[in-house]
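Asks: the following block contains a protein sequence and its predicted model.
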Amino acid sequence: MNYSTLKKTVALSFVSLMAVGMVKAQTSTTTTATTDSSKMSSATTTAKVFGGTGQYNTFSLGLNIGGTAPSVATGGVNTFDKNKIELGYGLSLRDQLSHSISLLLDIHGGKLAGSEKVTATNPGGYVHDTGGLGNASSFETKFWSGTLSGVYNFGNISFLHRQNAVQFYISGGAGLALYTPKVTLTNGTVVDYKGHTGDNHDGTFIKELVIPVGAGVKFKLSDQFDLNVGYTENFIDGFNLTGVHSGFPAENRYSYGYAGLEYTFGPKSKPSLEWVNPVAMMYDELYDAALRQEVEALKGRVTNVETAVNDLKKDSDGDGVSDQFDKCPNTPAGTVVDGSGCPIVFPKPDTIKATAATAAAAAYSNIQFEFDSSVLKTSSYPVLDATSADMRSNSSTLTLGGYASSEGTAAHNMRLSRDRANSVKTYLVNSGVDAKRLKIKAYGETHPIADNSTEEGRIANRRVEFHK
């Protein structure tokens, strides 16, 4: 097979692989685009945004085979006139660090070959420096290389499709190339560098730095297998890749076009990080059914709270006391009411002094409570109203001391006594007393004013006292 036929065969094979991949990509994209997120594979739905790489499969092993040539597509000066396409092969290990970036360890091997055009005017071919041995007419170089590259793949982060089955990538890195040229002179002599390399001319391989730069396209065949088609240009830091010391401007570089399979390791329950679309993941988390149910439930709770607040603020008769605390609903408009919403009956002038004395006597008396309760008794309203009226007539402050009898634990009685003091404060504030003038102090079952061993004593101890 000549060079032209081989080129046509490689081109046809590449086009065929592209066609197969695009058909699969179209099928995959169409299917996933019309599939509800609830019907996706468990491997895709278990991964969460910001969940870390532990929820994905990231390691893959690849095998590839293709053609090598002692030239690159980006151009340059060749040492020999005619390049031959030879067999190349490789093994790769890749670690996907993120959705778009991975590290790639490559091991490649193969052969490079080229020759000179022999014409009537140049029967010996171009004169090359072979150390004074004669003119070179062709060469063959066997090589191995190991490189570490960074790879950037794009196509999986997409706002157009939930999941793509085709993505492109570029790569670049550095490594070590080992090679042994074999040069054939125009007189038929073969000069083999193997076993004669290095400063002492006793080395097996020439060792040089190699810089690989590549690009390619990858097709997803399944959750574990990918078809990889790519092209790499390899630049050698030396001038004897072809066996002749060509020097500037001839460059030592070669290309490798390949196709191969990659297998991603890991359990099937985990998706491959390389193919996961984070845009789709964010969409699924945002529109997760359970999350939406929680949001709706939260909206319901907020509505209930707003309704309760509105009920607390509701004042049907407009007397300034909310319905919840209004003991005398439906009072006529303009009626002056006390803190419980009941009309205040103003005494006649001749009874003001007597009323004031009675109110002063009633004000600040202890407020009693039922057993294990902080609810105000109706019998305490007159004392509270008198206390409120007196406080509104001056600017004094008041400490509300809450107490409890000795039944129950000390901690429970402490909470109960504080609740009792707060009930008295709420009443006084609703009746017009500034809340800043009222302080709360809980004493629990301490400081009894009667014997807790008797029911009468316990009743007396369930109280709130006013301390000036």
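Replies: Looks like it came in fine. Model, not experiment: these values are computed from the prediction.
Asks: alpha carbons only for contacts and neighbour counts from here, please
Replies: OK.
Asks: and stretch 56-69, how far from the chain's centre?
Replies: Taking the mean C-alpha point of stretch 56-69 and that of its whole chain, the gap between them comes to 29 Å (Cα atoms, centre = their mean, to the nearest Å).
Asks: which residues touch that stretch?
Replies: Contacting residues not belonging to stretch 56-69 are listed as 47, 83-97, 110-113, 254-267, 270-274 [Cα atoms under 8 Å, 6 or more residues apart in numbering].
Asks: low pLDDT regions in the stretch 201-350 of the chain?
Replies: Under the criterion of pLDDT under 70, the regions of the stretch 201-350 of the chain flagged as low confidence span 201-203, 246-250, 288, 291, 345-350.
Asks: returning to that earlier point: which among the contacts of stretch 56-69 count as buried?
Replies: 47, 83-96, 110-113, 254-264, 270-274 (16 or more other Cα atoms under 10 Å).
Asks: of the residues you listed, which belong to strands?
Replies: Secondary structure of the buried ones among the contacts of stretch 56-69 is defined by DSSP state E; positions in strands are 83-84, 86-96, 110-113, 254-264.
Asks: ok, now which ones touch residue 432?
Replies: For residue 432, the contacting residues are 339, 388, 392, taking Cα under 8 Å, 6+ apart as the criterion.
Asks: helix, strand or coil for the residue lying closest to the last one once chain neighbours are set aside?
Replies: The reference is to residue 392. Distances taken as Cα to Cα, 6 or more residues apart in numbering place residue 433 nearest to residue 392, at 6.2 Å, with adjacent residues excluded. Using DSSP: H, G, I helix; E, B strand; the rest coil as the criterion, the local structure at residue 433 reads coil.
Asks: number of nearby residues for residue 433?
Replies: Here the count is done by other Cα atoms under 10 Å, and residue 433 has 22 residues near it.
Asks: show me the contacts for it.
Replies: Residue 433 makes contact with 388, 391-392 under the criterion Cα under 8 Å, 6+ apart.
Asks: phi, psi of it?
Replies: Summarising the backbone geometry of residue 433 under the convention degrees, to the nearest 10, its torsions are phi -80, psi 130.
Asks: from residue 340, how far off is it?
Replies: As judged by Cα to Cα, to the nearest Å, residue 433 and residue 340 stand 13 Å apart.
Asks: what subset of the contacts of residue 433 is buried?
Replies: Judged by neighbour count, with 16+ other Cα under 10 Å as the criterion, the buried members of the contacts of residue 433 are 388, 391.
Asks: out of the contacts of residue 433, who's nearest residue 378?
Replies: Nearest to residue 378, judged by Cα to Cα, of the contacts of residue 433 is residue 388 at 15.5 Å.
Asks: so who does the closest residue to that closest one other than its chain neighbours touch?
Replies: The shortest distance from residue 388 to any residue other than its chain neighbours is 5.8 Å, reached at residue 428 (Cα to Cα, 6+ apart). For residue 428, the contacting residues are 339, 384-385, 388, taking Cα under 8 Å, 6+ apart as the criterion.
Asks: among those residues, which has the minimum pLDDT value?
Replies: Looking at pLDDT alone, those dip lowest at residue 339, where the score is 72.
Asks: what residues go with each domain of the chain?
Replies: Domain segmentation of the chain under automatic domain parsing yields 3-25+56-117+126-274, 349-467.
Asks: just the helices from the stretch 151-300 of the chain, written as ranges.
Replies: Using DSSP state H, counting those that start in this stretch, the helices of the stretch 151-300 of the chain run over residues 278-286, 289-313.
Asks: how about these, which one is nearest residue 441?
Replies: helix 289-313 (26.2 Å).
Asks: contacts for that closest one next, please.
Replies: Helix 289-313 is touched from outside by 285, 322-324, with contacts defined as Cα under 8 Å, 6+ apart.
Asks: change it to 10 Å
Replies: For helix 289-313, the surrounding residues in contact (Cα atoms under 10 Å, 6 or more residues apart in numbering) are 38, 285-286, 314, 320-325.
Asks: turn the domains of the chain into a markdown table, including distance to residue 290.
Replies: Below are these laid out as a markdown table (distance: least, Cα to Cα, whole Å):
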| stretch | distance to residue 290 |
| --- | --- |
| domain 3-25+56-117+126-274 | 21 |
| domain 349-467 | 39 |
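Asks: lowest average pLDDT across those?
Replies: domain 3-25+56-117+126-274 (a mean of 83).
Asks: how far does that domain sit from its chain's centre?
Replies: 36 Å.
Asks: distance check, the residue nearest the centre of the chain against residue 99.
Replies: Using Cα atoms, centre = their mean, the residue of the chain that lies closest to the mean C-alpha position is residue 50, 2.3 Å off. As defined by Cα to Cα, residue 50 lies at a distance of 12 Å from residue 99.
Asks: anything in contact with each of the two?
Replies: For the pair residue 50 and residue 99, residues contacting each of them under the criterion Cα under 10 Å, 6+ apart are residue 278.
Asks: just to revisit the earlier point, show me the contacts of residue 433 that map onto helices.
Replies: Under the assignment DSSP state H, the contacts of residue 433 contribute 388, 391-392 to helices.
Asks: and which of those is nearest residue 449?
Replies: Minimum distance to residue 449 across the ones in helices among the contacts of residue 433 is 24.7 Å, recorded for residue 388 (Cα to Cα).
Asks: centre of the chain to stretch 53-67, how far?
Replies: Distance, stretch centre to chain centre, for stretch 53-67: 23 Å (Cα atoms, centre = their mean).
Asks: could I get that stretch in CSV with only the CA atoms?
Replies: Output in CSV follows, covering the C-alpha atoms of stretch 53-67 (Å, rounded to 0.1, in the frame of the first residue of the first chain):
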residue,chain,number,x,y,z
THR,A,53,-15.5,13.8,43.3
GLY,A,54,-16.2,10.8,45.6
GLN,A,55,-19.7,10.5,44.0
TYR,A,56,-18.2,9.9,40.5
ASN,A,57,-16.0,7.5,38.6
THR,A,58,-12.9,9.4,37.7
PHE,A,59,-10.2,6.9,36.6
SER,A,60,-10.0,5.4,33.1
LEU,A,61,-7.7,3.3,31.1
GLY,A,62,-7.3,3.7,27.3
LEU,A,63,-5.8,1.7,24.5
ASN,A,64,-5.1,3.3,21.1
ILE,A,65,-3.6,2.6,17.7
GLY,A,66,-2.8,4.8,14.7
GLY,A,67,-0.3,6.2,12.3
